[in-house]
Every structure is written in C-alpha cells, then in structure tokens.
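Asker: 3D, please:
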Amino acid sequence: MEGRSDIQGASRLVTRSLSGRLLLLTLLYVLVTEVLIFVPAIGRYHTSLLLDHVKSAELAVLPFTESSGKDVSPALRQQLLLRAGADAVALKRADVRDFYLVNALPAKIDRTLDLTNDTLLTEVANALDCIVYGGDRALRITAPTQITGAQAIDVILGERQIHADLMTYARDIGALALLISIATALLVFASLYFTLVRPMRRLTRAMVSFRANPEDPSRIVVPSARRDEIGLAERELSGMQRDLYASLQQKTRLAALGVAVAKIQHDLKNILANAQLASDRLAGVDDPVVQRMAPRLVASLDRAITLATGILRYGRAEEREPARAMVPLLPIVEEAVQFAIDAVKSENLTLTINIDPALQIDADPEQLFRIVLNLIRNAVETLSGYDKGSVDIGAGRGGGRVIVTIDDDGPGIPEQVRARLFQPFSGSSRPGGSGLGLAIARDLARAHGGDIEVVETDATGTRFRVIIPDREAV
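Answerer: Purely as a prediction, here's the structure:
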C-alpha cells in the first residue's frame, strides 16, 4: 500500500505540476522529432541494403556479359553468383533477356520492389513492410543497371538477411534516438526549469505567503535584477504588494480614527451644545456688532454640530443620501466665500464671483456648501502665505449639468501630490493639511452623480472643476 501511494504521489507530481508537465511535453516533442528523423533513416537504410544486393548481382554477372565470359568454367560461374546472395539474376535488354540461375527458383515471388522510380515515401513504406511482415519472403528487385547494353536488372533473392540487417539497424538507431531524446529533453527541461519554472514557483510562493498576511511587510517579494518578462512580473508584483500594504495601513489608520471619533463624539456635541446656548444668549445683546455677528456664530455652531456627527458617518462610509432640490447657486457660493475669508483673515486675497444670480443647481444645499467651501478654502489657504493672490469662482449650465470652476493663481500642485490628491490623509497639497477636505468634497460630488476634476495646474495656478448633473426625469 505504501509503495502504491508513493507511485500515485509521483504520478500526481508529474502530471499536475508545471515542471512535471513541462518534462513530459519536452520528452514527447523530442521523441516526435526523433521519429520524424528515424523513419526516413530506416527507409534509406532498407533501400541501401537492396541496392547492395543489386550491385553484388551486377558484379557477379558482369564477366558473363563479355565475350570472354563464355570461357568461364561452370564452377566459377556458380561461385560468383552465390557470392551475390541471389537465387537468380536477369538482365533486360532491348530485344533479349539474359537469365542466370543460381539456386532453384522459389515457388512464388512474395513481393516485387521497383527501385527505378523510388521516392522517400515508397522507401519508408517498403522498410516498414519489411520490419512488420518480412523474414521468410521471396523478393524480386527491379533496378536500373550500369551494365552496357542492359536497361534494367532483376534480382530474385530471399528476404531473411535483409530483414535481419534492417532489424539490427532499427534497434541501434532506435536506442540512439531514445538516448538523444532523453538527453535533449533533460537539457531543455533543466534550462526551462531554472529560467522559467523555478522563478514562477518563487512568485507563486510569494503571492500565497502575502495573501496569508498582507499586513506583514516582510512578505513583500523582493524583485530580482532580471530584465526579461519574469523580472517585469516580479517588479510589478512587488509594486502591487507595496501599494496594497500601504492601502491596508491607511485603512487601518482610518478605522482607528473612526474609533477615536466615536469616543469623543458625545463629548464634542455637548461642548458645542453649550457654545450654542451661549450664542443664543448673545443674540439678545443690543450691541450692533454682536447683532451682526451672532447669526453667523449660530450658523457656524450649527454646521460644526452637523459636521461632528458627519465625521463618524464618513469613517463608517455612512454619508447620508443627498436631499436634492433646485436651489440658487450664488447664495451658497457667497456664504462659502465668506466662511473661507473669515477662516484665513487675509487682506491680500481677492475673491471674485462670476455667477448668474438666476442660475439654479439640482443639489443638496448643505452638501453643496461643503463641496464649494472645501475647494475655496483649499485655494485661499494655499495663497495665504503670499503677498497677494486671487481666487475666481465661476459657474454655468450646459448639457443638463452645472459646472462650477475655482481658479487660483497659486504655485500649482506638486507632481508627487497629484496622483493621491483625493485620497484621505495623503492628498494634501499644503503643509499641515490632513487631506480630508478634497476627499470629502469628491465623495459628496460623486454622491450627486458628478465629480471633481483638476483641469490644469502649473506654476501660474490651478483650476478645479465641480460637475453636478441634474437628476434624470422619472
């Protein structure tokens, strides 16, 4: 039972593994090649054996074709013909046939072979016929001759010696072909194994190991210096694993942030609620400045409470669906501009709004305010460190959608930041930024079926475009 299991295990290893299949296929292909060489060789050798007998017969009867051949004694004539290995020889002339009998003629001729118009296919067919059926048959061989005055020669002989010589040659050449096939297969297999199979096994083990624990950086494959397809696959796999590892690390940090926000959310809401009570009391003060600032303070606290609740939803991917309606765009943009200016408090910035007061947009007002505020505040904070700067906000409708553009004349977005500009905690274009603003803004825009794009950015400034399509009619 143990021996049988070992055999079955070896069989599965050969037939199911890539290296085992490669060995079998290589051996098969080399054997096929050897057969394509072996079979014609057998045919040529069989023909050469037949021609040897024909030439021997020619030499045996050649003296008899001369006038002096009549003086040859019968005993010498018999000895010459016996050395030809033939039972009878016949020379075909234009008007006569010379017949030389050596032994008694066989009762019948089993097979006639005509070598006057021989081809490779007929040679192969004759050789295979001799191997399979030959041995005790009587043959008649017809071939062209060099004897003067003769057109062809016929030789009648037994096939036993031809069959024995052909079988010996076939065994020798077959053994040699098999040896060459095995040696070639092993060399080809070894070459392919070390250049292809073993590196593929290394890649497979690396993928399986990384899949078991993708958060272990030691399992990331280290690419070799190879410049072929295997080296390219190693480098691409390594890069993919590193990107996945970084993504998992980022998601882990986001999960930790969500847990932290969940813990402080209740206390933060209480603090903001107390601040809201204080702002309500300020609203009753008669001071004109307080009266002017109180509504803005109340609105800010309301938004802060809403955002404190929304942060947890973002961490859990539970942002509410947009409550969309056709609303004027200009008041939302003006409010966002005022909030951005108050946050930065810079007198060197110029903010210009070019929006038609009649332009309406199909959007959730609160979420649209957050989208526009994030983009404007991002532009304003980028310019806050310069002596002067400008931000232009424009909008227009076309093709069933509203496009809002925010242009600034800042230094542009660095090349290394652009690829991850909209990723949380990794896409900030300014020092100290968290990278959440643009990520949240794009998520909100996409919730409306739209998007946020960086149209252009260089040393002369940056242009963002917000696309908000109208809802489809139901």
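Asker: those strands in this structure, which residues are they?
Answerer: 88-92, 97-101, 111-114, 138-143, 152-158, 325-328, 349-354, 360-363, 389-397, 401-408, 451-458, 461-469 (DSSP state E).
Asker: Tell me which of those strands sits nearest to Met200.
Answerer: strand 451-458 (40.6 Å; Cβ to Cβ). From N, CA and C alone the C-beta is placed, and that goes for glycine too.
Asker: Ile468 against Gly399, yeah?
Answerer: No - Ile468 lies out of contact with Gly399 (Cβ atoms under 8 Å); the separation is 12.0 Å.
Asker: Between these two, which is the more surrounded one?
Answerer: Using other Cβ atoms under 10 Å as the criterion, Ile468 and Gly399 rank with Ile468 on top: 26 against 9.
Asker: Which positions are bridged to that one in the beta structure?
Answerer: Val402 (DSSP bridges).
Asker: got the contact list for it?
Answerer: Ile361, Asp362, Ala363, Leu368, Arg401, Val402, Ile403, Val404, Ala445, His448, Gly449, Gly450 (Cβ atoms under 8 Å, 6 or more residues apart in numbering).
Asker: what about 10 Å?
Answerer: Ile468 makes contacts with 322, 324, 329, 361-364, 368, 371, 395, 397, 401-404, 444-445, 448-452, as judged by Cβ atoms under 10 Å, 6 or more residues apart in numbering.
Asker: any idea how far it is from Arg202?
Answerer: 50 Å (Cβ to Cβ, to the nearest Å).
Asker: same thing with Tyr29?
Answerer: Counting by Cβ to Cβ - Tyr29 and Arg202 are separated by 26 Å.
Asker: quick revisit: may I see the strands of the chain arranged in CSV, with distance to Cys130 and mean pLDDT as well?
Answerer: Output for the strands of the chain, formatted as CSV (distance: least, Cβ to Cβ, whole Å; pLDDT from 0 to 100):
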stretch, distance to Cys130, mean pLDDT
strand 88-92, 20, 83
strand 97-101, 25, 76
strand 111-114, 9, 88
strand 138-143, 9, 88
strand 152-158, 12, 86
strand 325-328, 98, 94
strand 349-354, 100, 88
strand 360-363, 92, 94
strand 389-397, 93, 92
strand 401-408, 87, 94
strand 451-458, 81, 90
strand 461-469, 85, 93
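Asker: possible to save those as CSV with distance to Pro214?
Answerer: Output for the strands of the chain, formatted as CSV (distance: least, Cβ to Cβ, whole Å):
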stretch, distance to Pro214
strand 88-92, 87
strand 97-101, 92
strand 111-114, 74
strand 138-143, 77
strand 152-158, 79
strand 325-328, 44
strand 349-354, 46
strand 360-363, 39
strand 389-397, 42
strand 401-408, 38
strand 451-458, 30
strand 461-469, 34
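Asker: Go through these and name the closest to Asp216.
Answerer: strand 451-458 (35.4 Å).
Asker: Parallel or antiparallel, list what pairs with the closest one.
Answerer: Going by DSSP bridges, the partners of strand 451-458 are strand 461-469 (antiparallel).
Asker: burial measure for Ala325, as a count.
Answerer: Neighbours around Ala325, by other Cβ under 10 Å: 12.
Asker: swap that for Val455, sorry
Answerer: Neighbour number of Val455 under other Cβ under 10 Å is 11.
Asker: Find the nearest non-adjacent residue to it, please.
Answerer: Excluding its sequence neighbours, the residue lying closest to Val455 (Cβ to Cβ, 6 or more residues apart in numbering) is Arg463, at 4.3 Å.
Asker: contacting residues for the one you found?
Answerer: Ala379, Asp392, Gly394, Thr405, Ile406, Asp407, Asp408, Glu453, Val454, Val455, Glu456, Thr457.
Asker: Mind doing that once more with 7 Å?
Answerer: Neighbouring residues of Arg463 by Cβ atoms under 7 Å, 6 or more residues apart in numbering: Thr405, Asp407, Val455, Glu456.
Asker: Could you provide those in a markdown table, with additional columns for distance to Ile156?
Answerer: Listed next are these as a markdown table, based on distance: Cβ to Cβ, whole Å:
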| residue | distance to Ile156 |
| --- | --- |
| Thr405 | 105 |
| Asp407 | 107 |
| Val455 | 99 |
| Glu456 | 98 |
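Asker: Neighbour-wise, give me the winner out of those.
Answerer: Asp407 (19 neighbours).
Asker: right, and that residue touches Asp392 too?
Answerer: Yes - using Cβ atoms under 7 Å, Asp407 is in contact with Asp392, at 4.5 Å.
Asker: wait, which of the strands of the chain is closest to Leu186?
Answerer: strand 111-114 (40.6 Å).
Asker: just so I have it, where are all the helices in the stretch 201-350 of the chain?
Answerer: 229-282, 288-315, 329-344 (DSSP state H, counting those that start in this stretch).
Asker: Ile353 and Leu375: what is the separation?
Answerer: Taking Cβ to Cβ, one finds Ile353 at 13 Å from Leu375.
Asker: which residue sits closest to Val372 in space, ignoring its chain neighbours?
Answerer: In space, Val372 is closest to Ala336, 4.3 Å off (Cβ to Cβ, 6+ apart).
Asker: Ok, Tyr100 next?
Answerer: Per Cβ to Cβ, 6+ apart, closest to Tyr100 is Val89, 4.6 Å.
Asker: again, but for Asp408
Answerer: Per Cβ to Cβ, 6+ apart, closest to Asp408 is Ala379, 4.1 Å.
Asker: before we move on, what about Leu120?
Answerer: Nearest non-adjacent residue to Leu120 (Cβ to Cβ, 6+ apart): Pro40, at 6.1 Å.
Asker: shaky segments in the stretch 51-200 of the chain?
Answerer: Scanning the stretch 51-200 of the chain for pLDDT under 70 picks out 64-78, 80-81, 84.
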